[in-house]
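[1] Build me a model:
(chains A and B)
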Amino acid sequence: MNGAQDLGGQHGMGPVAPEKDEPYFHAEWEKRALGLTLSCGAFGAWTIDESRHARESLPPATYLSASYYEIWTRALETLLKRHGFVSAAELAAGQMLEKGREPKRILTADMVPGVLAKGGPCDRPVSAGPVFAAGDRVHTKNFNPETHTRLPRYARAKTGIVEAVQGSFVFPDDNAHGKGENPQWVYTVVFDGGEIWGEGADPSLTVSIDAWESYLERA
Amino acid sequence: MTSHSHDHDHDDHDDHDHHHDNHFSEMQARVKALETVLTQKGLIDPAAIDAIVDTYETKIGPRNGAHVVAKAWSDPDFADWLGRDATAAIASLGYTGRQGEHMRAVFNTPETHNLVVCTLCSCYPWAVLGLPPVWYKAPPYRSRAVIDPRGVLEEFGVTLPDAKKIRVWDSTAELRYIVIPERPAGTEDLGQEALADLVTRDSMIGTGLAITAGGTR
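    Residues are numbered from 1 along each chain as shown, chains lettered A, B, ... in the order given. Next up is the predicted model:
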């Protein structure tokens, strides 16, 4: 979706402002937000792609003014409500008011090391071989779905070179919306800065994205 | 540690904050409400949250990545493996798991400087660098890294020669990138531990360079 999350190339966002000796957390609630997000993710009720879509679906003004832990928290509320684990009334009251859905799994402290060490690999086998090979010239799709996609706007309808075939992975555009994992080949595609940004582009710049096969056609 | 003592620690901590702030900010209140509801419903274990936070505060951080870089600098066979199969090479040092499942290592050279960003969200190689800094997840870096990387680097105090090529890697899929910075000159006699001390977090994102021997970051 063409939401506030699709930031590549936007102007006016200000200086990067790196912070010297930055702490991991700037407030206690950020620690809890991290732990809550991971704990609820462990329910197995939604995918990482659905989570990302919940985050990018925040109103743009909210998204752009929020810290990332706030974005996570707001999206987590959406996911918990959508999947029947908590109600809006409960969040407003800050108290349990009714019994909700039971998750497949509840993350307990003893499970944490194993769960973090395992992660969530999302490479999946596909039966067909890759359509493209390193060195192929490809053109990216031009589309503007209201649904989730990982093809950023700045890299749509552009011509680049396949640099590497990276394996086959869950297709987020489908998986975010409960349409199945439908894995596809993923390619690293490199673009000249001038192809993307046109006049005035940094001549020393190349930019790559990792693109699912259906984002690409032969150029 | 038992679940009970974790709970106890956590409660103490919140009281502590409360005394100092005398108010809960909107986000503090919001997160507190969420945690309270989920705990009352038995959906989360507050001790699991403590364990997650402890992991990323004390166990998983950029020293992991610095170890990978120092080994790559010292051991050509490892560097070669890292270039071909970074996930396996990094796993051989014990760094695996969440947001490090599919790793790629990209090597800076005299000709090319690499810079990593996630324009669409906050993808970052947690297994080797830990939690991302705030700026990495914020709109200024995410918007500008792909269009004005030299301007971004200037804000980190890094000026690249005009002739140097810049390659920006936008982490749009599930591959997670670690930059292997160039090994500073004059470090031939250093062992792996001393080399690792030259490797900053930013040098593995591409917003910095390795510290030159005897220099400061």
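
[2] ranges for the strands of chain A?
    Secondary structure of chain A, counting by DSSP state E: strands at A:137-140, A:159-169, A:184-192, A:205-212, A:216-218.

[3] And the most centrally placed residue in chain B, how far from chain A?
    The residue lying closest to the centre of chain B (C-alpha atoms, centre = their mean) is residue B:129, at 2.7 Å. Separation of residue B:129 from chain A (C-beta to the nearest C-beta, to the nearest Å) stands at 12 Å. All C-beta atoms are positioned from the backbone trio N, CA, C, and that covers glycine.

[4] what's that residue in contact with, if anything?
    Residues counted as contacts of residue B:129 (C-beta atoms under 8 Å, 6 or more residues apart in numbering or on different chains) are B:61-62, B:64-65, B:178, B:201, B:204-205.

[5] ok, and the closest non-adjacent residue to residue A:67?
    With C-beta to C-beta, 6 or more residues apart in numbering or on different chains as the criterion, residue A:67 has its nearest non-adjacent residue at 6.8 Å, and that residue is residue B:134.

[6] Show the contacting residues for the residue in chain B positioned nearest to chain A.
    Going by C-beta to the nearest C-beta, chain A is nearest to residue B:49 of chain B, at 2.8 Å. Going by C-beta under 8 Å, 6+ apart, residue B:49 touches A:31-32, A:34-36, A:39, B:10, B:35.

[7] Take the residues you listed and write them to JSON lines, including distance to residue A:63 and pLDDT.
    Shown next, in JSON lines, are the contacts of residue B:49 (distance: C-beta to C-beta, whole Å; pLDDT from 0 to 100):
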{"residue": "A:31", "distance to residue A:63": "22", "pLDDT": "98"}
{"residue": "A:32", "distance to residue A:63": "21", "pLDDT": "98"}
{"residue": "A:34", "distance to residue A:63": "19", "pLDDT": "98"}
{"residue": "A:35", "distance to residue A:63": "22", "pLDDT": "98"}
{"residue": "A:36", "distance to residue A:63": "19", "pLDDT": "98"}
{"residue": "A:39", "distance to residue A:63": "23", "pLDDT": "98"}
{"residue": "B:10", "distance to residue A:63": "30", "pLDDT": "42"}
{"residue": "B:35", "distance to residue A:63": "23", "pLDDT": "98"}
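
[8] hang on, the earlier thing: now rank the contacts of residue B:129 by neighbours and give me the top one.
    When neighbours are counted by other C-beta atoms under 10 Å in any protein chain shown, residue B:178 leads the contacts of residue B:129 with 30 neighbours.

[9] if I read this right, it contacts residue B:105, doesn't it?
    Yes: at 5.3 Å, residue B:178 and residue B:105 qualify as touching, with contact defined as C-beta atoms under 8 Å.

[10] where's the residue lying closest to residue A:153 once chain neighbours are set aside relative to residue B:141, distance?
    Nearest residue to residue A:153 in three dimensions, chain neighbours excluded: residue A:6, at 5.3 Å (C-beta to C-beta, 6+ apart). Separation of residue A:6 from residue B:141 (C-beta to C-beta, to the nearest Å): 15 Å.

[11] ok, the two, which is more surrounded?
    Neighbours were counted for residue A:6 and for residue B:141 using other C-beta under 10 Å; residue B:141 has more, 26 against 20.

[12] how about the helices in chain A?
    Counting by DSSP state H, the segments of chain A that form helices are A:28-41, A:48-56, A:60-65, A:68-82, A:88-93, A:112-118, A:172-175, A:193-197.

[13] same deal with chain B?
    Along chain B, counting by DSSP H, helices occupy B:3-21, B:26-40, B:46-54, B:62-74, B:76-84, B:86-91, B:126-129, B:134-137, B:139-144, B:149-155, B:192-196, B:201-205.

[14] most packed of those helices?
    Mean neighbour count (mean count of other C-beta atoms under 10 Å in any protein chain shown) peaks for helix B:126-129 among these, with a mean of 27.

[15] from the middle of its chain, how far away would that helix be?
    Its chain's average C-alpha position is 5 Å from that of helix B:126-129, according to C-alpha atoms, centre = their mean, to the nearest Å.

[16] export that helix as CSV, just CAs?
    What follows is helix B:126-129, C-alpha atoms only, in CSV (Å, rounded to 0.1, in the frame of the first residue of the first chain):
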residue,chain,number,x,y,z
TRP,B,126,19.2,-8.5,15.2
ALA,B,127,21.2,-11.7,15.6
VAL,B,128,24.5,-9.9,14.9
LEU,B,129,23.7,-6.3,15.7
